[in-house]
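Engineer: The sequence and its predicted three-dimensional model are supplied below.
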Amino acid sequence: MRAFLPVLCAVILCGCATVKQAPKPTSAAIPATESQTSIGTLRAQAIASRMEEAKIAKLRKSGSPYLAVRTLNLTPEQAAQLKHLLPSGNPAEFVCVMVWNAVTDKEASSDCYVLTQAPEVGKPVKLGDYTAEYVGSR
């Protein structure tokens, strides 16, 4: 009986430790509006035109030649669609990001990736199937 009690306690505690609620994602993808796509494209082109040629060449040769560019905020319709996916909060505070391909000089996806907060400029960010360098909207 003495040997059974520690085993029983371990089983109970391990079982409790593994029962957790899955956290809500910190990002979601939604089809971008024409305005979001246009602004994202203009910003990406402007940012890419100011980047040093060596940096662009490095991006083009890398396995991840993508830039994450901030675009317009969510529309009310998009916010309603994403309400169940994102943590509670004010949808106006969410950041919409589009992925730009430095090789083709075109958007990599027609999706707007919605983040709960903006990443640090210059840092990589995972957006769906893409890993892109966040460049903001500068």
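Structural biologist: Everything's here; your move.
Engineer: Skip the chain neighbours and tell me the closest residue to residue 137.
Structural biologist: residue 70 (4.1 Å; C-beta to C-beta, 6 or more residues apart in numbering). C-beta coordinates here come from the backbone N, C-alpha and C atoms, glycine included.
Engineer: The one you found touches residue 47, doesn't it?
Structural biologist: No - counting by C-beta atoms under 8 Å, residue 70 does not reach residue 47; the two are 10.2 Å apart.
Engineer: Neighbour count for the two, which is higher?
Structural biologist: residue 70 (21 against 16; other C-beta atoms under 10 Å).
Engineer: For the more buried one, give me its contacts.
Structural biologist: Applying C-beta atoms under 8 Å, 6 or more residues apart in numbering to residue 70 gives the contacts 40, 43, 95, 96, 97, 118, 136, 137.
Engineer: what separates it from residue 138, distance-wise?
Structural biologist: From residue 70 across to residue 138, the span is 9 Å (C-beta to C-beta, to the nearest Å).
Engineer: circling back: partner residues bridging the residue nearest to residue 137?
Structural biologist: Beta bridges link residue 70 to residue 97, judged by DSSP bridges.
Engineer: Per-residue pLDDT of it, please?
Structural biologist: Here, the pLDDT recorded for residue 70 equals 95.
Engineer: For residue 42, see how far away it is.
Structural biologist: Separation of residue 70 from residue 42 (C-beta to C-beta): 12 Å.
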